[in-house]
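# My questions are about this predicted structure, shown below with the sequence.
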There are 4 protein chains.
Amino acid sequence: MPSEIVRLDGHIIDSLTLSKVLDIILKEGGEYRVLRFQMGATRSDPSHAEIEISAPDNETLERILHATGQHGTERTAGEVRLVPAPKDGVLPEGFYATTNLETHVRLGNEWIPVQFIEMDCAIVVEHKEGTPIARCTPMHHVREGELVVVGDTGVRVTPVERREPDDVFSFMGSDVSTERPKERVVAAIVHAMKETRQEGKKILFVGGPAIIHTGAGHYLEAIIRAGWIDVLFAGNALAAHDIEGALFGTSLGVEIATGTAMPHGHENHLRAINAIRAYGSIRHAVEAGFLRSGIMHACITTNTPFVLAGSIRDDGPLPDVITDVVEAQDKMRQHVRGVGVAIMVATTLHSVATGNLLPASVRTLCVDSDPDTVIKLMDRGTHQAFGLVTDCEFFLKELAAQLPNVKVVK
Amino acid sequence: MPSEIVRLDGHIIDSLTLSKVLDIILKEGGEYRVLRFQMGATRSDPSHAEIEISAPDNETLERILHATGQHGTERTAGEVRLVPAPKDGVLPEGFYATTNLETHVRLGNEWIPVQFIEMDCAIVVEHKEGTPIARCTPMHHVREGELVVVGDTGVRVTPVERREPDDVFSFMGSDVSTERPKERVVAAIVHAMKETRQEGKKILFVGGPAIIHTGAGHYLEAIIRAGWIDVLFAGNALAAHDIEGALFGTSLGVEIATGTAMPHGHENHLRAINAIRAYGSIRHAVEAGFLRSGIMHACITTNTPFVLAGSIRDDGPLPDVITDVVEAQDKMRQHVRGVGVAIMVATTLHSVATGNLLPASVRTLCVDSDPDTVIKLMDRGTHQAFGLVTDCEFFLKELAAQLPNVKVVK
Amino acid sequence: MPSEIVRLDGHIIDSLTLSKVLDIILKEGGEYRVLRFQMGATRSDPSHAEIEISAPDNETLERILHATGQHGTERTAGEVRLVPAPKDGVLPEGFYATTNLETHVRLGNEWIPVQFIEMDCAIVVEHKEGTPIARCTPMHHVREGELVVVGDTGVRVTPVERREPDDVFSFMGSDVSTERPKERVVAAIVHAMKETRQEGKKILFVGGPAIIHTGAGHYLEAIIRAGWIDVLFAGNALAAHDIEGALFGTSLGVEIATGTAMPHGHENHLRAINAIRAYGSIRHAVEAGFLRSGIMHACITTNTPFVLAGSIRDDGPLPDVITDVVEAQDKMRQHVRGVGVAIMVATTLHSVATGNLLPASVRTLCVDSDPDTVIKLMDRGTHQAFGLVTDCEFFLKELAAQLPNVKVVK
Amino acid sequence: MPSEIVRLDGHIIDSLTLSKVLDIILKEGGEYRVLRFQMGATRSDPSHAEIEISAPDNETLERILHATGQHGTERTAGEVRLVPAPKDGVLPEGFYATTNLETHVRLGNEWIPVQFIEMDCAIVVEHKEGTPIARCTPMHHVREGELVVVGDTGVRVTPVERREPDDVFSFMGSDVSTERPKERVVAAIVHAMKETRQEGKKILFVGGPAIIHTGAGHYLEAIIRAGWIDVLFAGNALAAHDIEGALFGTSLGVEIATGTAMPHGHENHLRAINAIRAYGSIRHAVEAGFLRSGIMHACITTNTPFVLAGSIRDDGPLPDVITDVVEAQDKMRQHVRGVGVAIMVATTLHSVATGNLLPASVRTLCVDSDPDTVIKLMDRGTHQAFGLVTDCEFFLKELAAQLPNVKVVK
């Protein structure tokens, strides 16, 4: 019966890591023997374990080692295996697929960190000026002949440390229940935003058009004007309805101030899009004095970068929309670097797409009135996200009220 | 081919009544001929129609006449048929089952109004001091020998007039979409509450425990203290968690101020219930100075009546809870008389139960974070209800902010 | 007080059209006088109305005439006004924005039908060999100088005839309640599919990846193999997980046959995508004998066309995915021509996108476990859609069981 | 700094128990030192830990000991403290509130098991023929002077053993996602039902009226006739609509076979209730040959006991309905004894009420089309429940198909 010894270090009891690893071994048909176990006597002491994993055959053993490796077990031998990509945009068979956790690869006797980690990508290793570099690389970026990590020997991932019990995010758990005090959650996210700024990291806002439909656009506008957002991800709809609101006072044809459907209304977003198309870009429309308020106006005048990613639902679209989805993804990839907090409001599509690109260390809050969006985000691998099932209108009103220096103008 | 002529009067075009009636005739296998039709030339003029309904056989014709009668068609002949109830709590076969619309029965040549109309009941006719009286009577109230209306000749219902387009409630439609400006809806309900008071009618509040769990209890408390609620319908859970909050600062064991789960917490509501049981009633606990804040305290000190109806989910329960559901229903029946506005927040059970008892003329707002509650309420016959899919915390905070003289104390 | 007379013809009572028109007039601040009203005596006779609409000022009057025109009122004077497009992709100010209803424009004394009607587009008029042609044209397709309809004089829309009460679709109503017998709804859609085929029209299937995740892929595969689908709209995810299932027996890493998560699993869809990228296209992978089962295999071998539209959530993507969303929309536009029935299962994005492109006359069924998807589809203008809130696994199993000649292979 | 030593034994790593205990200590402001830790080398070996817990003050220490005790830590000293109940239905201050986990109390040197364990109750200790007995007792059952456990020294709870990875229930996790193969889940529940029968335990079915509305009643009827259900919990609505279906072929007035709303329909359930009231009970109506099919008929003819618990929503109600909710709860209490599997379908009220009464060892499946019901059930303490978000029609059809000897008659 083949076996191999792995090491597991750190806060492996209170992070549940050890439990998960043992569970995986049994589930996959293996057996374990704990050879050594030294438990940290107090909360600050790490624990150490050495576990012998055995399995009925080599294939099963490899599968177990691969699976437990995703929770931090380190194989005691070996460095990464590198195989050249067979074609542009095609990875070699057996390529290592990344998680969104911090990852290192062993080259020679050194552990090299993998740059720009993101889930569901490959790892390309190259040498720059004699120094080995490991890059997390989406499938479509790989070029023929680049060296790609294959298998998982020599790969080590570091599970996210469990947050301190008094961390602002930790009290929320991963619960998606609607029955909890929301003001307190907003206080927690405000705290996290301030901390992130102090750490020199960025705040990302991802938003859907319901922000405009519910009349909450002016809260987000005020938050952007106060400088609290470093980058905005949205689609054609949010921008078009925001501009519709600025030009006509409606969103999807419903008068924002009164909630009354206007008979001409459903055309207003088309007229708004058409007008911006005539100017060539949102920036041109702002600079010409044509567009004078709203979220997009706030982004332009505060130089807050935004990515408007296209979707097949789009009317028009606005000239600023990136209609090629791969290009849009790549643009989003650039902007997520350095993000410390991500706030996702009222959009399943953009939330899941952004979640795909974020490292697990980014504190992520997903706000939606439908619990399904939050559940989907987590199901798709963004386990670090905290879900808040509530109205985006309520959330943004509270956020604007609790953030310093935000002046809401109706 | 048997046929009969019916009359239909009023704003039958813009209330869609005529369309519905013709549709029913066809759907049920009948045919119609419009003998006379006089359309109101302007909005204030009523229209009049005389329609000959024919059907392949008498049974089908009766079925059609019955169905269209529920939308206001009046059979040109006949008075009500009365049959004595065979036993206590049992109605005669073929009894007329009420709708929640204003209803009259014809006795001799007179149309008598049916008192206390409510859906799914019978109509009992009796004579008080020589005057005939028609009472809407739930099945379990009927006594052996009482005269019950059977069939639907001699019964006339009056459809609810369509609301004026500028009525505060009308703009909301019966849409349950979450994507609309909520502040504006709250303004509409505030307006309706003021109007109702001016008309000398009562405001009913129906609430579920999520009001407490989300930390919104102090808003409702303040609204009650300001005198805006005339009667409160709730269950053991709302009262128990409210009292738990007043005594321990928690709800379901979660600290209301911070949202943090307390380890003792899940027991606090039991301790709260037990303490009130020791006092014998909520009023005694208030008068003894033991219970000093919260929604129930506000009800007691402002003499706002409440009905706490039992359910099989209840712990304890509190001594004030009416554990017999038929008795609880009867108590609710008494209190809905004179209600002009009903606000239902975060409870499917109590909302549907109350909806069953309300005449269709009561302006009803149902607030829930789950669209299903609103859909269920309407599916069960409370078609007049307007649904607002949002957080109860947000709704009550807005309501407290927009109602005059409400002072929220945290 | 300015006024104008309009005509309204057809089954305007039982289709509710007259009620809606009068309602709009009042809501918009106008007044009406019914000058002439001739009601159809029986169900087969059309009614005719002549209504004088008046308003406080010309602007309001125009707004009312525009709004009622969308329900079929015909202005008694005027032909369309045509203005050249100022630039490629930009429409002239005041352009007429289309509905998804059958539409005609008046040129000289003739009413010309608008080809390929679709909501939220413009109408371009051109002459081909001396014959005037009116084309429904999306904003991005218009070329500088093309003549575009402006305003709404000379435009007439024809409301959808109300379906016969015994039409298979009509019994469903537009209800989104989950509490109705689903087998019967499936019987209705099967009936509609057969009728559509007899009329020589196409059946469109729009599907999301939950079809694969829930293990229902083999039902759809069997339905396609039996020839019941004429065109498939989906995204990268459905195709990738279908191919993942065919190659590895998993979907999102969960073993389809057992529902058990496989440890390697989350990578399988990446390996599937990578493998197809190596072949260059799904067709090549099928022809090489590499891909041997599944939905995409069924499409290739039965020559059923498909459009895989890209989204920013996509991994890979598969080489067949159209990554430019405008290009993907245009491809979908071509394929919706001639569609009589559209079945949308478990995808909000693709359902709403397809709904945008469909004429109102297409019988559309939207199946989703989340009522929100159905509500959104209708809110976005696809009012003809019928919603079925249920499991896609259940729906497809029933559909496969009720459709003739479908052989499900597990 | 006060401290105390506790023991923790069993499969405390893979059941996550140790992690939870350490987490609680830190969260509550305490510190720990692991004095001894012996890890089970293989899966079958239990682990043992001795942990010294310290806290800033005695009150905090007690709170921590109390909280960790709920996860199985055993205080090394002391026996239970017993205080007499001050009044009928009132517990002494500081009473120990039960969990739904297996519990023992220490009297003298002996650990006595607590009978009929259920969450949110008290423990009464009495002596029967010299033998001490500990009974789990709901608040309203306690009689003045009975000895009630106060505090938590001398109380030990036993966490539920983690299920074997190949247990049919374990693969489901506590996930409420809709995106998983449902047929496989049904196979798991069928397996669990068979196992339960072999162990001599009972199968409980809890159902709501949507079972009838969706046309799935005949599946449940067939399952009962085949002898698969030992006790049925429901409300007036399920029974009334079932009888309505048996008598009139409708449910809530919708024809079950066709899904078409019948015009008389909404009255049918009233007529059904009235007819049974005339007979005095469902059994009498069956025995008289009046009621000849349906779920209730199946219960009567197979002598399957049922509890119909009243709610304030009820029409009528049926004579078999227990209108007092406390009495209904007590009846349910009697019937849950010996239950091994509980299946809850399409009812939040009855599911949560039943969940309150079940020991944590009962395998519980909750089926609902709304994820909220499942989430609520777990939030309320029934952590052992597995949620299946799907149609009850689909679920019951599958269940009937997979269970042996079930003959469905349409």
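Everything's here; your move.
# So which residues make contact with whatever helix or strand A:Arg156 lives in?
A:Arg156 is part of strand A:155-158 when elements are defined by DSSP states H and E. By C-beta atoms under 8 Å, 6 or more residues apart in numbering or on different chains, the surrounding residues in contact with strand A:155-158 are A:69-72, A:74, A:80, A:96, A:99, A:101-106, A:111, A:123, A:149. In short, each C-beta sits where N, CA and C put it, glycine included.
# Inside strands: which ones of the residues you listed?
Judged by DSSP state E, strands contain the following of those: A:74, A:102-106, A:111, A:123, A:149.
# Of the residues you listed, which is the most crowded?
Using other C-beta atoms under 10 Å in any protein chain shown as the neighbour criterion, A:Val149 leads the ones in strands among the contacts of strand A:155-158 with 28 neighbours.
# show me what contacts A:Val325?
A:309-311, C:310-312, C:314, C:317, C:323-325.
# For it, which non-adjacent residue is closest in space?
C:Gly310 (4.1 Å; C-beta to C-beta, 6 or more residues apart in numbering or on different chains).
# what's the distance between that neighbour and D:Ile295?
50 Å (C-beta to C-beta, to the nearest Å).
# the more surrounded of these two?
Set C:Gly310 next to D:Ile295 and count neighbours by other C-beta under 10 Å: D:Ile295 wins out with 32 against 27.
# Pull the number of nearby residues for the residue lying closest to the more buried one once chain neighbours are set aside.
Spatial nearest neighbour of D:Ile295, chain neighbours left out: D:Asp242 (4.5 Å); criterion: C-beta to C-beta, 6+ apart. Residues contacting D:Asp242 under the criterion other C-beta under 10 Å number 31.
# does D:Asp242 sit in a helix or strand, and which one?
Short version, using DSSP H and E: D:Asp242 is in helix D:236-248.
# Pull up the pairing partners for the helix or strand following that helix, direction included.
Reading on from helix D:236-248 to the C-terminus, the next helix or strand found by DSSP H and E is strand D:250-251. Partner strands for strand D:250-251, per DSSP bridges, with pairing direction: strand D:254-255 (antiparallel).
# if we can go back for a sec, in the strand holding A:Arg156, which residues are buried?
Neighbour-count burial for strand A:155-158, counted by 16 or more other C-beta atoms under 10 Å in any protein chain shown, picks out A:155-157.
# what ranges do the helices span in the stretch 151-300 of chain A?
For the stretch 151-300 of chain A, the helices defined by DSSP state H, counting those that start in this stretch cover A:182-198, A:210-213, A:217-225, A:236-248, A:268-279, A:282-287, A:295-301.
# okay, those helices, which one's buried deepest?
helix A:210-213 (a mean of 30; mean count of other C-beta atoms under 10 Å in any protein chain shown).
# Would you mind writing the CA trace of that helix as PDB?
Output in PDB follows, covering the C-alpha atoms of helix A:210-213 (Å, rounded to 0.1, in the frame of the first residue of the first chain):
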ATOM      1  CA  ALA A 210     -30.800  48.300  -9.500                       C
ATOM      2  CA  ILE A 211     -28.700  50.900  -7.700                       C
ATOM      3  CA  ILE A 212     -30.200  53.400 -10.100                       C
ATOM      4  CA  HIS A 213     -33.700  51.900 -10.300                       C
END
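# next one: that helix to chain centre, how far?
Here helix A:210-213 is found 22 Å from its chain centre; the criterion is C-alpha atoms, centre = their mean, to the nearest Å.
# ditto for stretch A:231-241
The answer for stretch A:231-241 is 17 Å, by C-alpha atoms, centre = their mean.
# Could you do stretch A:386-406 as well?
Worked out by C-alpha atoms, centre = their mean, stretch A:386-406 lies 19 Å from the chain centre.
# tell me which element the closest residue to A:Met332 other than its chain neighbours falls in.
Spatial nearest neighbour of A:Met332, chain neighbours left out: A:Val307 (5.4 Å); criterion: C-beta to C-beta, 6+ apart. Here A:Val307 sits within strand A:306-309, counting by DSSP H and E.
# ok, residues contacting that strand?
Residues outside strand A:306-309 that contact it (C-beta under 8 Å, 6+ apart): A:231-236, A:238-239, A:296, A:299, A:318, A:320-322, A:325, A:328-329, A:331-332, A:335, A:350, A:353, C:312.
# Recalculate using a threshold of 7 Å.
Strand A:306-309 has contacts (C-beta atoms under 7 Å, 6 or more residues apart in numbering or on different chains) with A:231-236, A:239, A:299, A:318, A:320-322, A:325, A:328, A:331-332, A:335, A:350, C:312.
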